[in-house]
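1. Coordinates only, no sequence provided:
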């Protein structure tokens, strides 16, 4: 199950969000029954979360927090920061959803010498949603 909580005024296609995460999990061979929660939050909220958990006092486009038991984890997205990543918001949203999902699966782009980003871009081209 993938739960989407949109806490901003920006219209987000929640079904598309679910499909992108499901397809990423499928490409990773992780099609199990674990739950994923997605929160779309304002810039100030993601800044607070980033500061609290990563000690970085600035907004970011996406944060991921791994879960336990039947919960794979939570992906938190800031629309305002995501829009800064490129000209087409739908593409950038897809990219941060893939990125966040890979983090939930244990990938770490700061330690893997670019392998996570390569996989992210490969999945971006494979997922047609």
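-> The structure has been received and is ready for your questions. Bear in mind the structure is a predicted one, so any value in this text is a computation, not a measurement.

2. which residues in the chain form helices?
-> Using DSSP state H, the helices of the chain run over residues 14-27, 43-54, 79-83, 89-104, 115-126.

3. Of the ones you listed, which is nearest residue 71?
-> Closest of those to residue 71 is helix 89-104, at 9.7 Å (criterion: Cβ to Cβ). Heads up, the C-betas are built off the backbone N, CA and C, glycines and all.

4. Centre of the chain to the closest one, how far?
-> Distance, stretch centre to chain centre, for helix 89-104: 4 Å (Cα atoms, centre = their mean, to the nearest Å).

5. So what's the model's average confidence on that helix?
-> Helix 89-104 shows an average pLDDT of 96 in the prediction.

6. Just the angle for that helix relative to helix 14-27, thanks.
-> When axes from the mean of the first three to the mean of the last three Cα atoms, to 10 degrees is applied, the directions of helix 89-104 and helix 14-27 differ by 40 degrees.

7. Now do helix 89-104 against helix 115-126, angle only.
-> Using the same axes, to 10 degrees: helix 89-104 against helix 115-126 is 140 degrees.

8. List the buried residues of helix 89-104.
-> Going by neighbour count (16 or more other Cβ atoms under 10 Å), the buried part of helix 89-104 is 92-104.

9. now stretch 44-51
-> Per 16+ other Cβ under 10 Å, stretch 44-51 contains these buried residues: 45-47, 49-50.

10. before we move on, what about stretch 58-70?
-> 59-64.

11. Quick check: of those residues, which lies closest to residue 71?
-> residue 64 (12.4 Å).

12. Skipping adjacent residues, who's closest to the closest one in space?
-> residue 103 (3.6 Å; Cβ to Cβ, 6 or more residues apart in numbering).

13. export the buried residues of helix 89-104 to a markdown table and tack on distance to residue 18?
-> Output for those, formatted as a markdown table (distance: Cβ to Cβ, whole Å):
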| residue | distance to residue 18 |
| --- | --- |
| 92 | 18 |
| 93 | 13 |
| 94 | 12 |
| 95 | 16 |
| 96 | 15 |
| 97 | 10 |
| 98 | 13 |
| 99 | 16 |
| 100 | 13 |
| 101 | 11 |
| 102 | 17 |
| 103 | 18 |
| 104 | 14 |
